[in-house]
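**Student:** predicted structure and sequence below. I'll ask about it afterward.
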Amino acid sequence: MGWHTAREVEAGLFDADGPASPSSLGDAPPVNVPAAFMPLCERVILHRDSERFGLLYRLFWRLQTEAALRHDPLDADWMRAERMAQEVGREMHKMKAFVRFRTVDQGPGRPSLHVAWFEPAHHVVAATAPFFARRFTAMHWAILTPEQCVSWDGEHLLVGPGVGREQAPPADAGEKLWLTYYESIFNPARLKLAAMQKEMPRRYWANLPEAALIDPLAARAAERSMTMIQKGPSDPARRHPSAPRPAPGPALSSGGDKPQSLEALRVALERCRECPIGAHATQAVPGEGPRHARLMFVGEQPGDQEDLQGRPFVGPAGQLFSRALAELGIDRRTVYISNAVKHFKFELRGKRRIHKTPAQEEAAACQHWLETEIELVDADALVALGATAARQLMGYAVAVTRSRGQWLKRADGRRVLITLHPSALLRMEPEDKDAAYAAWLADLRQAVAQNAAL
Ligand code: URA
């Protein structure tokens, strides 16, 4: 006689006197197992091996009668159970790493649904689902698999029967973005195909959009590495201001007049030495956009590329931001884009200038410049991209992960939408990016709606 799941029994796979019913077990005597046995059972039970129940049952009885068993790491049953538990653990990890959500629009007034298709090697779906509920609490999502589906509506985690692959949605625009991103970060000189396949076995490739790029990128890797070697090292970014620097003069806090136009603000900013950052940056980076834009986005501070070009949001984070605006149907030229701090703060690491978050006093010293910009542009709504911008706009620390997607009201009555900074998305683990990008677009979409309603 063997052990079977209820589903196997319901499917009539076994004869009538097959599985034991609980009533036939009678009054069981007290039993004793080592503490580690229960978590081991919880893992092994999720293995696809049909002998898992028999193995655990045998181990259980042997533990009652063989005192030495619990201290025998080389026992064949123990070793087999431990190997199965490890395989299950690995599959749970793969599910966390390789689930890729696609966004499904559910119609006006309803939140987007993020749906993923996954084919696990073991029965790990329900056991891994709480991880996704914790990680993507604010989103509505579903993970479809052939055996079981799980879904989260922001409050309830539901487990239901499996579905066919055809129920999974097709690729979306967010996915195309990540393919472009994946391609751009692929370094041919670092390609280690064997290590890559070990971490991301081919079995998962069918459901990973970026996997389609691996073979063509790998095929061209040797040639691209050779071109890189022949080109030799490039010079570090040089500090070439894009416009001549005006002579230092009085800034506002030391007696300068409050600028009455965006052009006057630009000149005053260039002179600003109210904190130490300005002396090291290439140039000040003022906001850009129409004087009376309805919507104003505020980031943290210029990065390396912004510092060199003198324009906000033109580096990698800026490209992601511009792309999101385009996907939301916003022409970047119609909105005002600025930063909480107007100079680039960095530390040198070799030849590279590495971004450093501005200190609170540095941000505070810059606050009046942003306030002047807000008054001059007089936008109806503001969007804070990240914590520095949120603090600068609100005057107090805002917990961005808790308040994202919400409108807060400033003392002057202006509304501020809180959301993540695009750099936060670029720093995320690859497995989190699709969903995080979709959630970010959902936040920004509120600003678009606000913009359209004005
Ligand atoms: N990050 C910002 O916060 N602002 C920029 O302009 C670029 C990157």
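**Tutor:** Now that the structure is in, tell me what you want to look at. Numbering: from 1, shown residues only.
**Student:** every contact and neighbour count from this point should use C-alpha atoms.
**Tutor:** OK.
**Student:** hey, what's the closest residue to residue 403 other than its chain neighbours bridged with?
**Tutor:** Nearest residue to residue 403, sequence neighbours excluded (C-alpha to C-alpha, 6 or more residues apart in numbering): residue 418, at 6.3 Å. According to DSSP bridges, the residues that bridge with residue 418 are residue 384.
**Student:** contacts only, for residue 418.
**Tutor:** 383-386, 390, 400, 403-408 (C-alpha atoms under 8 Å, 6 or more residues apart in numbering).
**Student:** mind checking pLDDT for it?
**Tutor:** pLDDT, residue 418: 97.
**Student:** next one: residue 19
**Tutor:** Per the predicted model, pLDDT is 50 at residue 19.
**Student:** could you count how many residues lie near the residue nearest to residue 259 when sequence neighbours are not counted?
**Tutor:** Distances taken as C-alpha to C-alpha, 6+ apart place residue 265 nearest to residue 259, at 5.1 Å, with adjacent residues excluded. When neighbours are defined as other C-alpha atoms under 10 Å, residue 265 has 19 of them.
**Student:** check which helix or strand residue 265 maps to.
**Tutor:** helix 262-271 (DSSP states H and E).
**Student:** buried ones in that helix?
**Tutor:** By neighbour count on 16 or more other C-alpha atoms under 10 Å, the buried set for helix 262-271 is 262, 265-271.
**Student:** could you point out the helix or strand that follows the lowest-mean-pLDDT helix or strand in the chain?
**Tutor:** Comparing every helix and strand of the chain by mean pLDDT, DSSP states H and E singles out helix 173-185 as the least confident one, with a mean of 64. The element immediately downstream of helix 173-185 (helix or strand, assigned by DSSP H and E) is helix 193-199.
**Student:** list the buried residues for that following helix?
**Tutor:** So, applying 16+ other C-alpha under 10 Å, helix 193-199 has no buried residues.
**Student:** cool, stretch 419-430 as well?
**Tutor:** Counting neighbours by 16+ other C-alpha under 10 Å, stretch 419-430 gives 419-422, 425-426 as buried.
**Student:** mind checking which of these are in helices?
**Tutor:** 422, 425-426 (DSSP state H).
**Student:** check the offset of stretch 192-210 from the chain's centre.
**Tutor:** Relative to the centre of its chain, stretch 192-210 is centred 20 Å away, using C-alpha atoms, centre = their mean, to the nearest Å.
**Student:** ok, now stretch 374-383?
**Tutor:** 29 Å.
**Student:** is it anywhere near the ligand?
**Tutor:** No - Stretch 374-383 is not in contact with the ligand by C-alpha under 6 Å from any ligand atom; minimum separation 12.1 Å.
**Student:** packing partners for the helix holding residue 265?
**Tutor:** With contacts taken as 3 or more C-alpha pairs under 8 Å, 6 or more residues apart in numbering; DSSP states H and E, helix 262-271 sits against helix 360-377.
**Student:** picking that back up, take the contacts of residue 418 and, keeping just the buried ones, write it as a PyMOL select command.
**Tutor:** Buried subset of the contacts of residue 418, written as a PyMOL selection, criterion 16+ other C-alpha under 10 Å:
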select buried, resi 383+384+385+386+390+400+404+405+407+408
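**Student:** Throw the contacts of residue 418 into CSV and include pLDDT and secondary structure, thanks.
**Tutor:** Output for the contacts of residue 418, formatted as CSV (pLDDT from 0 to 100; DSSP: H, G, I helix; E, B strand; the rest coil):
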residue, pLDDT, secondary structure
383, 98, strand
384, 98, strand
385, 98, strand
386, 97, coil
390, 97, helix
400, 96, helix
403, 95, helix
404, 95, coil
405, 93, coil
406, 94, coil
407, 95, strand
408, 96, strand
